[in-house]
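Novice: the amino acid sequence is not available; the structure is as follows:
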Ligand code: DAH
């Protein structure tokens, strides 16, 4: 076979290969196979030494022509591969903007969160600020500065989890009272919602992780009347009804006097029923006037400054509001329960 025919064969072979290529990378391989330094065309040009001048010229021209044509074919093929890829991508990502979307279940706020937001709104409308604090607290903020000395028996009621470096999971949001006293200048009114933790035997009314809303008002001449008024406002707005509250004595080291605040049962209007265990009253929250020692710890003169504080159990409030019988539902992640609040 003469060289020109040989070249023609090579060209045909290359043309076939190029037309069958599917990927850009294969195109590069094909190019190297024919017009690369060690490609088939270079091998042929090495044979040219044996030819006479006229033939050499012809063969040289043919080689140039073939490699130019092949370059062109490769460029065309490369473009068509890219077009094809783009079309494929467009096909895959195509969607109809007008098609109604498939029904997708949407989430909702947890009942604790939505009632907490309501409580915040009620207090904000009375001029309170909402404060936050960390869930891991110092012993000082959680106990000491609240007048629990190191060996105080009241600590036993609030056993909790301790970290290796001596901090603890806060047992109550009262720790935020200490933080408020440190950073705010009296007079002030704050509430502080948050999660709290205790080492607790769990049952229908006890959890190791629950929620409180702390309240604290510091000012001049603050009295128990201010406290009961504020609580009546909260209750009548949460339950959408006029309420009657009463105070019983209660003990907490950081208030003096300390109280348990009850409200008259709304189901039986004080006559006695199963909801209020036939007493006519439902226990709502502990509260009291701020103990002088707590003010002194914060550098305030208890002869000038006074205040009240309360610790609202948010879980209990939500349970009463919706008639939920078991506190364990809240952290259960049980969808049948949560869907009631959609
Ligand atoms: N921190 C207390 C507890 O969790 C509740 C409490 C009682 C908070 C009296 C107060 C208060 O602010 O005045 O047991």
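Specialist: It's in. Since the structure is predicted, the reported quantities are computational estimates derived from the model, not experimental observations. Residues are numbered from 1 along each chain as shown.

Novice: whichever strand or helix holds residue 287: partners in the sheet, and parallel or antiparallel?
Specialist: Using DSSP states H and E, residue 287 falls within strand 281-290. Note on strand 281-290: by DSSP bridges, its sheet partners are strand 255-264 (antiparallel), strand 306-313 (antiparallel).

Novice: out of those strands, which gets nearest to the ligand?
Specialist: Closest approach to the ligand among these (Cβ to the nearest ligand atom): strand 306-313, 2.6 Å. C-betas here are computed from N, CA, C, even on glycine.

Novice: can you tell me which residues in this structure are near the ligand?
Specialist: Proximity of the chain to the ligand, by Cβ under 6 Å from any ligand atom, involves residues 172, 174, 214, 252, 255, 258, 286-288, 309-311.

Novice: what's stretch 162-181 in contact with?
Specialist: Residues outside stretch 162-181 that contact it (Cβ atoms under 8 Å, 6 or more residues apart in numbering): 131-142, 145-146, 158-161, 188, 190, 192-194, 196-198, 212-214, 216, 218, 254, 294-295, 297-298, 300, 309, 311.

Novice: of these, grab the buried ones for PyMOL.
Specialist: The buried subset of the contacts of stretch 162-181, as determined by 16 or more other Cβ atoms under 10 Å, is captured in PyMOL by this line:
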select buried, resi 131+133+137+138+139+141+142+145+146+158+160+188+190+192+193+194+196+197+198+212+213+214+216+218+254+294+295+297+298+300+309+311
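
Novice: just the ones of the contacts of stretch 162-181 in strands?
Specialist: 136-137, 188, 190, 192-194, 196-197, 212-214, 216, 218, 309, 311 (DSSP state E).

Novice: out of these, the closest to the ligand would be?
Specialist: Once Cβ to the nearest ligand atom is applied, the member of the ones in strands among the contacts of stretch 162-181 that ends up nearest the ligand is residue 311, at 2.6 Å.

Novice: the closest one: what's it in contact with?
Specialist: 172-174, 212-215, 285-287.

Novice: between these, identify the one with the most neighbours.
Specialist: Scoring the contacts of residue 311 on neighbours with other Cβ atoms under 10 Å, the highest-scoring entry is residue 174 at 29 neighbours.

Novice: doesn't residue 200 make contact with residue 206?
Specialist: Yes: counting by Cβ atoms under 8 Å, residue 206 touches residue 200, with 5.0 Å between them.
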